[in-house]
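Peer 1: need the 3D shape of this:
(one chain, ligands or ions: 2)
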Amino acid sequence: MGSIIKVDHLSYVYNPGMPNAVTALDDVSFEVEEGDFVGIIGATGSGKSTLVHLLDRLYDLPEGSGTITIGGVDIRHMKRKSLRRQIGLVLQEPFLFSQTVGENICAVRPDAENEAMRRAAAIACVDEAISTFPQGYDTVVGERGVTLSGGQKQRVAIARMLMQQAPIMVFDDSLSAVDAETDAKIRTALRDTLHSATVLLISHRVTTLMQADRILVLDGGRVSALGTHRELIQQPGIYRDIYDIQMRSDDRALVEEGGNA
Ligand code: ADP
Ligand code: MG
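Peer 2: Ligands and ions are numbered 1, 2, ... in the order given. Take a look at the predicted model:
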């Protein structure tokens with residue numbers, strides 16, 4: 001299998017030429033093989049979200065700042081619509097419409113069968129929670145209806161993305177507000193149902209990342225390391241430092257409890 005995603009000498013500057021210019025990505029290159037699960041880690045501000053936004057063309061990449069190709073095609077030359085068919089993205093702070101939960105999940109496929117909707121919700125571990133809402137899937141969310149917790153919002157957004165059935169799935173810290181146990185459950189369900197999908201998953205949890213085929217470590221907009229969990233814990237660096245902190249038993253409990261769903 002060849003590379004499905006190729007990021008080549010990618011740089012990105014916010015507000016270029018202005019006094020408040022910020023270099024968010026600086027000469028980033030890596031490739032993702034079809035069917036691979038690639039984890040991404042890096043401190044806040046290291047460029048993770050910028051990378052996924054560029055991949056989905058939420059921002060356009062100026063000429064001369066590197067390329068991103070998907071299936072060999074420069075994404076600048078792809079129609080947004082066909083790009084969105086290839087990439088399902090769960091944003092760091094997902095946006096839900098003031099509609100029913102069901103309408104939110106089926107936003108990309110309004111004609112979907114109930115069964116497909118419930119299957120997506122089950123994989124995202126949110127089916128049970130939705131069943132407890134006053135009108136189940138017909139419950140309106142947001143200001144005019146029930147208020148979802150951060151973790152529930154993230155899981156509804158994951159279910160919505162699953163409905164898209166895109167061959168590439170990108171999660172931008174999408175399980176940060178979900179407890180570690182549910183995080184693991186969702187990933188197992190994803191793996192079992194969508195083993196052929198290519199996954200890019202941004203996370204700060206080593207227990208999540210260690211299952212990736214490869215882990216990309218970003219630091220200040222640059223690739224600091226790229227390797228398997230085993231490789232990265234054998235060399236000094238950001239990943240091993242984070243690993244050491246999270247695996248220390250005292251802190252382990254804090255990590256596991258971090259962010260209740
Ligand atoms: P991460 O997702 O790893 O936290 P981001 O990609 O969000 O990192 O941010 C990378 C850098 O770009 C940071 O310095 C951040 O402050 C800056 N940045 C992000 N979004 C914008 C924006 N819309 N305008 C200006 N600077 C931004
Ligand atoms: Mg981010």
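Peer 1: how about the helices in the stretch 101-250 of the chain?
Peer 2: Counting by DSSP state H, counting those that start in this stretch, the stretch 101-250 of the chain has helices at residues 101-105, 114-123, 127-131, 150-163, 180-193, 206-209, 229-233, 238-247, 249-257.
Peer 1: for stretch 160-171, buried residues please.
Peer 2: Neighbour-count burial for stretch 160-171, counted by 16 or more other CB atoms under 10 Å, picks out R160, M161, L162, M163, Q164, A166, P167, I168, M169, V170, F171. In this view, the C-beta of every residue, glycine as well, is placed from N, C-alpha and C.
Peer 1: and these, which two are the farthest apart?
Peer 2: For these, the farthest-apart pair by CB to CB is R160 and P167; their separation is 16.7 Å.
Peer 1: so is the one residue in the stretch 51-200 of the chain that gets nearest to ligand 2 in a helix, a strand, or just coil?
Peer 2: Residue of the stretch 51-200 of the chain nearest ligand 2, by CB to the ion: Q92 (4.9 Å). In three-state terms, and counting by DSSP: H, G, I helix; E, B strand; the rest coil, Q92 is coil.
Peer 1: before we move on, back to that, and V223, which of the helices of the stretch 101-250 of the chain is closest to it?
Peer 2: Closest to V223 of these is helix 238-247 (CB to CB; 11.2 Å).
Peer 1: test my guess that I75 contacts L58.
Peer 2: No. Contact criterion CB atoms under 8 Å: I75 and L58 do not qualify, at 11.4 Å.
Peer 1: just the element for whichever residue of the chain sits closest to ligand 2, please.
Peer 2: Closest residue of the chain to ligand 2, CB to the ion: S49 (3.1 Å). Using DSSP states H and E, the secondary-structure element containing S49 is helix 48-55.
Peer 1: mind listing what's buried in that helix?
Peer 2: Of all the residues in helix 48-55, those buried under the rule 16+ other CB under 10 Å are K48, S49, T50, L51, V52, H53, L54, L55.
Peer 1: what sits closest to the third one if chain neighbours are left out?
Peer 2: If I follow you right, that is T50. A24 (4.2 Å; CB to CB, 6 or more residues apart in numbering).
Peer 1: on the three-state scheme, the one you found is what?
Peer 2: From three-state DSSP, the assignment for A24 is strand.
Peer 1: do L10 as well
Peer 2: With three-state DSSP as the basis, L10 sits in strand.
Peer 1: phi, psi of the closest residue to it other than its chain neighbours?
Peer 2: Nearest non-adjacent residue to L10, counting by CB to CB, 6+ apart: G66, 3.7 Å away. For G66, the backbone dihedrals (degrees, to the nearest 10) come out as phi 90, psi -180.
Peer 1: pLDDT score assigned to G66?
Peer 2: Looking at G66, its pLDDT stands at 97.
Peer 1: in the chain, where is pLDDT below threshold?
Peer 2: Residues of the chain that meet the criterion pLDDT under 70 lie in 1, 249-261.
Peer 1: what parts of it come near ligand 1?
Peer 2: Proximity of the chain to ligand 1 (CB under 6 Å from any ligand atom) is limited to residues Y14, N15, V22, A24, G42, T44, G45, S46, G47, K48, S49, T50.
Peer 1: mind giving me the PyMOL select for those residues, buried ones only?
Peer 2: One line in PyMOL is enough to select the buried members of the residues of the chain next to ligand 1, burial here meaning 16+ other CB under 10 Å:
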select buried, resi 24+42+46+47+48+49+50
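Peer 1: next, give me the two most distant ones among the residues of the chain next to ligand 1.
Peer 2: N15 and G42, at 21.2 Å, using CB to CB across the residues of the chain next to ligand 1.
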